[in-house]
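Colleague: give me the fold of what follows.
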Amino acid sequence: MSAVPTGSGQPGAEVVALARDGGLAGRWQLDQQASRAEFRIRHFWHAITVRGRFGQVEGQGIIGPDGTVTGQLIIAAGSLNTRNKQRDKHLRSADFFDAEQHPRVVVTVERAALDADGRLTGEGTLEAAGVSEPVTITADVIEASTDAVTLKAELTVDRSRFGMTWSPLRMAEMQATGAVTARFTRLPAESQQ
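Modeller: From the prediction side, this is the model:
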């Protein structure tokens, strides 16, 4: 099956049918070169937005015969880059990600499925700085075929829930948004065991 572009975030009916009929069942691996994890937060009392990117992301997923999805993204906390060395060092410190003690940010999808609108929705957890919190996960299917799927998702969290409360004079918002574009490729049949 050729790729079904879904620029509106709505996969074609063919993709929804494939997922529900078991055509996408199997193990999937994150394509690190075609995937990215970014974050943004409003700073200086909403005057600017600080943006960053994580340089190291890996992951895998399993699609069941009924189309349900489980999986995990593992992000190296120390690989963050905001293009400001001093700020990056601070973000890696115990005030924020505490990357030395907690080197990974982990998003675990415990169960998700395509809904009637063709959007992937489900439940999972976000673990950062040694704290794990339940999250609702929603992702748009950007492109899909029987061999590759690209998802795009955003998740806004209250960083104080992860102990990341540093903000002199309340300059930085407590709400931070993570954005992931993740391309997964199906593992060969011999790797499915």
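Colleague: how close does residue 69 sit to residue 144?
Modeller: Using Cβ to Cβ, to the nearest Å, residue 69 is found at 12 Å from residue 144. C-beta coordinates here come from the backbone N, C-alpha and C atoms, glycine included.
Colleague: just want the most central residue of this structure.
Modeller: residue 180 (4.3 Å; Cα atoms, centre = their mean).
Colleague: and it, what element?
Modeller: Secondary structure assignment for residue 180, by DSSP states H and E: strand 175-186.
Colleague: partners of that strand in the sheet?
Modeller: strand 26-30 (antiparallel), strand 36-43 (antiparallel), strand 148-158 (antiparallel) (DSSP bridges).
Colleague: average pLDDT across it?
Modeller: Averaging pLDDT along strand 175-186 yields 96.
Colleague: tell me the secondary structure at residue 161.
Modeller: With DSSP: H, G, I helix; E, B strand; the rest coil as the basis, residue 161 sits in helix.
Colleague: what's the burial count for it?
Modeller: 14 (other Cβ atoms under 10 Å).
Colleague: by contact count, what packs against the lengthiest strand in the chain?
Modeller: In the chain, taking DSSP state E as the definition, the longest strand is strand 131-144. Counting contacts by 3 or more Cβ pairs under 8 Å, 6 or more residues apart in numbering; DSSP states H and E, strand 131-144 is packed against strand 4-5, helix 13-20, strand 104-114, strand 120-128, strand 148-158.
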